[in-house]
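[1] After the sequence you'll find the predicted model.
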Amino acid sequence: MKSSHLRAAALAVLLVVSAGIVANAAASLPAEFPPDAFPSTYQPLPSQTTLIQHATIYTGTGERIDDGSVLLRDGKVAAVGKNIEAPAGAVVIDARGKYVMPGLIDVHSHLGVYPSPAVEATANGNEMTNPTTPQVMAEHSVWPQDPGFNTARAGGVTTLEILPGSGNLIGGRSVVLKNVPATTVQGMKFPDAPYGLKMACGENPMRVYGSRHQFPSTLMGDVAGYRQAFADAQAYDREWKAWEAKVKAKGAVDAGPPPKRDLGKETLAEVLDGKIRVQMHCYRADEMAALLDVAHEFGFGIAAFHHAVEAYKIPHLLAKADTCAAMWADWWGFKMEAWDGIRANIAMVDAGGACAMIHSDDQNGIQRLNQEVAKALAAGRRAGLDISKEHAVMWMTLNPAKALGLADRIGSLEPGKDADVVIWSADPFSVYARTEKVFLDGAVVFDRDDPKRQSTSDFMLGSSIDPHAADAAAAGEGAR
Amino acid sequence: MKYLTMILAMLCVACSPADRSADRTDTGASSANKHAAGDGKTYAITGGTVYTLGAAGKIEHGTVLVKDGKIAAVGANVDIPADAERIDASGKIVTPGIFDPQSQFGIVEVGAVKETRDASAGDSRFSAAFDVADAINPRSVLIPVNRIAGVTRAMVSPTNGDKHIIAGRGAIIDLGSTEGFIHRDAAAMFAALGETGAAQAGGSRAAAMLALREALQDAKDYADNTSAYASNQRRKYALTRLDLEALGPVLAGQEPLVLHVERASDIEAALRLARDFKLKLIVSGGAEAWMVADELAAAHVPVLLNPLEDLPAHFETLGSTLENAARLQKAGVLIAFATGDTHNARNVTQAAGNAVANGLPWLDALKALMLNPARIYGMDKDVGTLEQGKLADVVIWSADPLELSSFADQVFIAGRKIPMVSRQTMLRDRYMQAMREKQALPPGYITPTAQ
């Protein structure tokens, strides 16, 4: 609702924003402007029709089914319910005593762009040579061999958004990945997922540039920076629109050459058009409020504030703007803007009617998003909020799917959705629960009991070959 | 002439701080005595499942009697004095308090605000002599946040700056008091080898090892020839006089040396160093400690580790595994958990729970949280178990202390019943009230009360 309203406002203001500048340009000039320069080559791994039965199921839609079944077929969830018959030839998993839920989704990860090991050559997450770099794309920094993808998968994470860092006001495009082992980033790209644009409030950009005596060095500098960037994008948009109009009126030959592409402004123009979703690093309540005003001024929506340490102070503003908050369970105090962090944050945002979720921003935290949600839930209940576990499951499944604009495809166990499923040894709200199997598009991508379904990074191979081992196979087992 | 004056001036300046370090030892001792006072009340914690972590083991429906700051009695049949305040812990779990073996309580407030950071000697001349006790703020906002989650005692440890491989001396503090909060000053010396040490020593592990050996050799020479040094009859030392003095107890084996080392080969190098100088070594970090677990066990060297570390975040941690804690424990190595996050020191229970999920026996995880740090630092006469005569650091848990849904119901530190409130509970309560009741006035007018 809100975002279409914003789009309408944008049209009124600009008069020139059409649906998809680049896509339209592509229609007239396909050779010069491919609609997707870096297309996904993701292919689901081989899968079998699988029925998981007798499990306690958290559906991701806020419900729980006891002694329930999930049927996975052709990479999709085929059925969820109490009594589902196993189709002929289906693999049947008896999950008595176990828990099943949708694959976990992390909207804020730097896996691949700040991989392990963290050395100079691998620190590729922040293009801190200019405060505004909407032209860069996180996918070109993603190292698919980051061992963290594997440990995140073992933690049940099936979809993740890789973002540029927060050193810049506008950090660049994010990329949404299916968490499959791949040799290229294209092989992980979530097909047709909308791009995100990483933006950052607050202390980081002003510290990075302020310390160099460059713009911005203050919070007011930050805000002026975003506004000018979007104002420039509007002008760029008008240029292209004018040229497109000429093409329409006179034909491609007589319209003359198109304006020069500016990759950064092109990205921002797509934000104005609602095609790219703004994912904004922002801690303080007052700054989030200022950014909602900026978004309103330029007619775009903010999909989610990330970190949002003070979101509990303004759930009503977030709800009104239809902006999600992606939060940690309890990080606080490492800088001034994180000083007011509290453990009940997620629960209070949720109770205040806004879309709340967990996020990791961390290669260790991403392995235990379920535990972070468990802590956040416990804190919410201690604050007096009546929140069920099945509801809190949405903080790591459906709500992050919503923030990514993928709620129609992932985030819950509903027929037709991608068969991203986790089987847990116990209630995932317990610290002792471990993932047993992780399915991605119906394929087993992790199995704790089957070393053949535990992917390791090329980087880890041979990292510790034991010269005393009995044979080459044993020697190569390495550090694990 | 001018040169001589300078030398004299240096010697003169050097005199008074020497006296001061003697003063400090006294202060530490007297503050430990202050602990025994409690808050003047006697408490009887009744009905809970008591994990004493001592010889008495687990006691169902046990009573813990707290008096004058200490544990007066523990058992299934304890006579409760008439004046005791009874606290019903039925259905709950009672344990000793959590002892954080490596923290920055009171020396780092806001991580990114340099004015609130006192953890490192940084560019100063001093290294080993640097003593965090001179900087600790017992009113730190971090302390209530963590003590109401069961953290009752902590080693406050210095961190390495860019210059010195020896970070300085840590102090053990009581998180329940603003007076006499230093339980033991100069409780351990902290230093780094491996990647950190190499960076500080100029770029190689070998240089770091040399720097550390030189410091120890100089300290030994100084200790053996202090009067000759005073009359300027010794060779030039690499460290200041105060640093050399501070290393004395470390060389004498009285004060442990906590060395940050991760890689198996670095741990082995540390073990060699400890053997050569007869040091009481404690390994901190130890990502690859499991690879040399037998050597560590044989040398009785404990390890402070983060059980959640499982990625090759650095080249020195290629062998990281979630099973590190379990494997070390099984090999007979004394372990404690250091997560490196003081703001959320409380999350160490979660870390311990994960160690259990990865093979560490539950009771051993509890000991690693509460008892082992006391043993590692030689404080187990005072704390670490619920036994008669120990300082009364007691936590009543709603349920399994390692579970994510559990919380500390009531905390006692050295016999003081701690108000279960922190800046975070107050912020929460202010904004919960603002959300629940349509306030005419802004949240700033809401003053949450302590619960």
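    Arrived safely.

[2] all contacts plus neighbour counts: C-alpha atoms, from now on.
    Will do.

[3] Longest helix in chain A, please.
    Scanning chain A for the helix with the most residues, using DSSP state H, yields helix A:219-250.

[4] which parts of it are buried?
    A:221-223, A:225-227, A:229-231, A:233-234, A:236-244, A:246-247 (16 or more other CA atoms under 10 Å in any protein chain shown).

[5] I'd like the distance from that helix to the chain centre, please.
    Its chain's C-alpha centre and that of helix A:219-250 lie 27 Å apart, by CA atoms, centre = their mean, to the nearest Å.

[6] Let me see the mean pLDDT of that helix.
    Taken as a whole, helix A:219-250 has an average pLDDT of 96.

[7] Could you list every helix and strand that it packs against?
    helix A:21-28, helix A:203-210, helix A:263-272, helix A:285-298 (3 or more CA pairs under 8 Å, 6 or more residues apart in numbering or on different chains; DSSP states H and E).

[8] Shouldn't residue B:219 be within a helix?
    Yes. Counting by DSSP: H, G, I helix; E, B strand; the rest coil, residue B:219 falls inside a helix.

[9] tell me the contacts of it?
    Residue B:219 sits next to B:244, B:245, B:247, B:248, B:251 when contact means CA atoms under 8 Å, 6 or more residues apart in numbering or on different chains.

[10] Which of the residues you listed sits closest to chain A?
    Sorting the contacts of residue B:219 by how near they are to chain A, with CA to the nearest CA, puts residue B:247 at the top with 32.1 Å.

[11] Remind me which helix or strand that closest one belongs to.
    Secondary structure from DSSP states H and E places residue B:247 in helix B:241-251.

[12] got the angle between the longest helix of chain A and helix A:203-210?
    90 degrees (axes from the mean of the first three to the mean of the last three CA atoms, to 10 degrees).

[13] list the helices and strands whichever helix or strand residue B:48 is part of packs on?
    Residue B:48 is located in strand B:43-51, with elements delineated by DSSP H and E. The elements that strand B:43-51 packs onto, with contact taken as 3+ CA pairs under 8 Å, 6+ apart, are strand B:58-67, strand B:85-88, strand B:93-96.

[14] what's the closest of the ones you listed to residue B:328?
    Proximity to residue B:328 (CA to CA) singles out strand B:93-96 among these, at 23.0 Å.

[15] what about that closest one, distance to the chain center?
    That offset, for strand B:93-96, works out to 20 Å (CA atoms, centre = their mean).

[16] What helices and strands are in contact with that strand?
    With contacts taken as 3+ CA pairs under 8 Å, 6+ apart, strand B:93-96 sits against strand B:43-51, strand B:394-397.

[17] what's next to the last one, contact-wise?
    Which is strand B:394-397. B:89, B:92-97, B:150, B:386, B:406-413.

[18] Recalculate using a threshold of 7 Å.
    Defining contact as CA atoms under 7 Å, 6 or more residues apart in numbering or on different chains, one finds that strand B:394-397 is touched by B:89, B:92-97, B:150, B:406-413.

[19] thinking again about what came up before, helix A:285-298 and the longest helix of chain A, what's the angle between them?
    Counting by the same axes, to 10 degrees, helix A:219-250 lies at 20 degrees to helix A:285-298.
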